[in-house]
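Student: sharing a model that was predicted from the sequence below.
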Amino acid sequence: MKQTKSVDQSMKQFLIKSSVLTIIIFLIGIALYATVLKLYFFSALPFVALFFYITTNLVHLYLLKVAGKTSSKFISQYMAVNFIKMFFYLAVAIVFVILNRENAKVFIANFLLIYLIYTVFEVNEFLKNIKQMR
């Protein structure tokens, strides 16, 4: 029961932080695409950040629930989840590029940048949570 409470608290804190991160990404994106990068804007870009926000939160919730299990089981599940997540991201990027070749370069650049931001954020927060839980 104590671990569930810790998982719930960790997830609540993660949701708040990831929401703030997403808002910051939106605000920076608005500022950049309204000024310096005006020629490269297209309407699907805000959905990229929203896609990463939702995916990151779902994966983080699952990993927090798995974290209480034995180390060997957790490590294998962590690796498997991240492997599946990376291929899911790759599949989404490939499908978008195939369906929308004219915006492919802008999409890929944004996709990779936002992927990097969310990955660094997620790993950093997850390591903090694991240290607190153990």
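Tutor: Nice, I can see it.
Student: within the helices and strands, which one has the residue minimising distance to the centre of the chain?
Tutor: The chain has residue 56 as the residue nearest its centroid, 3.5 Å off, counting by Cα atoms, centre = their mean. Using DSSP states H and E, the element containing residue 56 is helix 45-66.
Student: and that helix, what does it pack against?
Tutor: In terms of contacts (3 or more Cβ pairs under 8 Å, 6 or more residues apart in numbering; DSSP states H and E), helix 45-66 is packed against helix 2-34, helix 71-99, helix 104-133. For the C-beta atoms, the positions are set from N, CA and C on the backbone; glycine is no exception.
Student: what residues of that helix count as buried?
Tutor: 45-46, 48-49, 51-53, 55-57, 59-61, 63-64, 66 (16 or more other Cβ atoms under 10 Å).
Student: nearest to residue 105 among those residues?
Tutor: residue 45 (12.5 Å; Cβ to Cβ).
Student: Throw the helices and strands packed on helix 45-66 into TSV and include distance to residue 40, thanks.
Tutor: What follows is the helices and strands packed on helix 45-66, written out as TSV (distance: least, Cβ to Cβ, whole Å):
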stretch	distance to residue 40
helix 2-34	7
helix 71-99	16
helix 104-133	5
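Student: take the ones you listed and write them to CSV, including mean neighbour count and mean pLDDT.
Tutor: Shown next, in CSV, are the helices and strands packed on helix 45-66 (neighbours: other Cβ atoms under 10 Å; pLDDT from 0 to 100):
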stretch, mean neighbour count, mean pLDDT
helix 2-34, 14, 86
helix 71-99, 13, 91
helix 104-133, 15, 89
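Student: tell me which of these sits nearest to residue 41.
Tutor: For residue 41, the closest of the helices and strands packed on helix 45-66 is helix 2-34, at 4.0 Å, according to Cβ to Cβ.
Student: by contact count, what packs against the closest one?
Tutor: For helix 2-34, the packing partners by 3+ Cβ pairs under 8 Å, 6+ apart are helix 45-66, helix 104-133.
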